[in-house]
Structure formats: C-alpha cells, structure tokens
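> Give me a model of this one.
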Amino acid sequence: MKTMRITGVIQAGGRSTRMGGEPKALLEIGGKRIVERVVDALAAVLPDLLVVTNTPERYAFLDLPMVPDRYPEGGALGGIFSGLAAVEADAAFTVACDMPFVHPDIVRLVLAGAGEADVVIPRVGEQYETMHALYAKACLVPMESRLRAGRLQIVGFFPDVRVLEIAAEAVAPYRAPELAFMNVNTPDELARARALAVELD
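Got it, this is the predicted structure:
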C-alpha cells in the first residue's frame, strides 16, 4: 500500500465572541501564542502545514500557506471541508487554532490509522474530537452535500464514510485527554491554560 500524504491543517476561522472578539489563537500561553504552540506540535510530525482563515493578515507572521473558508457560514464543518479541499495530499490532519496542549505523539497516534479509514478520530466518552482528527479526500463529497443542505453537524456525514475511533485510553499515556484536546474559549479557560503551561512546558 502506498504511503498516504498528509497535510496538517490549522483551523483559524472562528469568531472568538466569548473572548470579546480578540482572536483566541493570538493569545499567549507560556510565552507563545496559542497558534504558535499548535504549529510547533504539528511541525514536529508533518512537513506540510496549511491555515484556513478569512483574516490572513492576522496569521501572516506564521509564514504558512493560507486558504479562505469556502463556506464562511458553514461553521467548523465548512472549515474542515475548506482545508481538505485545498490540500494536494491524500488527507488532512485538522486541528483547531485554540488548542494549546496539542501533543506530537497524540498526533502520531491519529496518523497511524491513516489508510485504515476515511476519518481517524479520538473519542472521549460520547465526545468525538472532531478538531483533532484525520480526514481523507473521500470525505469531501458527503461533507459538501451537508454544507449545501445547511446540515452542519460534523459527525453527520460519518455514516457515509469509514470511521476509525481512537479510545481515550490510547491517548492517556501521552497526555490526559482533557488537556490534549482542551480549547481556550473563555477568560477562565485562558487563566487555567496559563497555569497548566507552567507545569507542562
């Protein structure tokens, strides 16, 4: 079987309303912007990275290729679709820009399932970690049909593709799942993340 080519895609399209409009990705944790922490984790594993954003001027400092969201009203599903459609690779490992504790070994754990399914995704309890998952090109058609219908739940297209779940127990040896998949959405979460960074970094 040929080796799958995978591009790391960072989703930076959110409106950040709960942070008063300041882009979450540009807030500092442990002396680095959150998005820089994400880039560092992905770059340790993947040679090619891409940013999905409708405000490229904010992320020019990363010196990475950027593409706009093809479905600006399509929520996270639209962003995942836009990144996957833009990459020349066979699949996209997609991660949110506001996850300060992405761990390279957990990225590798997800990538190890590439080729076995169209979606490779951690699952913690009933929660799929849709913004820390691998999506193959086979996902594009079912994703777009739902975007056009305004059905924006990410897991909505899963019945149409092959899905490989990664159990929380497989993630835990590298980093506690609640930290590895933590998003910074509120000032309280930002404060907690800054305190955690002192312990983890």
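> Could you use CA atoms for every contact and neighbour count after this?
OK.
> any idea which helix is longest in the protein?
helix 187-200 (DSSP state H).
> Pull out the buried residues from stretch 90-109.
By neighbour count with 16 or more other C-alpha atoms under 10 Å, stretch 90-109 contains the buried residues 90-107, 109.
> cool, and stretch 28-42?
Under 16+ other C-alpha under 10 Å, the buried positions of stretch 28-42 are Glu28, Ile29, Gly30, Arg33, Ile34, Val35, Glu36, Arg37, Val38, Val39, Ala41, Leu42.
> which of those residues lies closest to Ala193?
Ile29 (7.0 Å; C-alpha to C-alpha).
> ok, so what distance separates the closest one from Leu42?
17 Å (C-alpha to C-alpha, to the nearest Å).
> packing partners for the host helix or strand of Arg146?
Under the criterion of DSSP states H and E, Arg146 resides in helix 140-149. Using 3 or more C-alpha pairs under 8 Å, 6 or more residues apart in numbering; DSSP states H and E, the elements in contact with helix 140-149 are helix 75-86.
> In terms of secondary structure, what does the helix it packs on contact?
strand 6-11, strand 49-52, strand 66-67, strand 91-96, helix 140-149.
> Enumerate every residue touching the residue most central in space within the chain.
Centroid check for the chain by C-alpha atoms, centre = their mean gives Val95 as the closest residue, at 1.1 Å. Each residue near Val95 by C-alpha atoms under 8 Å, 6 or more residues apart in numbering is listed here: Gly8, Val9, Ile10, Gln11, Met131, His132, Ala133.
> and with 7 Å instead?
For Val95, the contacting residues are Val9, Ile10, Gln11, Met131, His132, Ala133, by C-alpha atoms under 7 Å, 6 or more residues apart in numbering.
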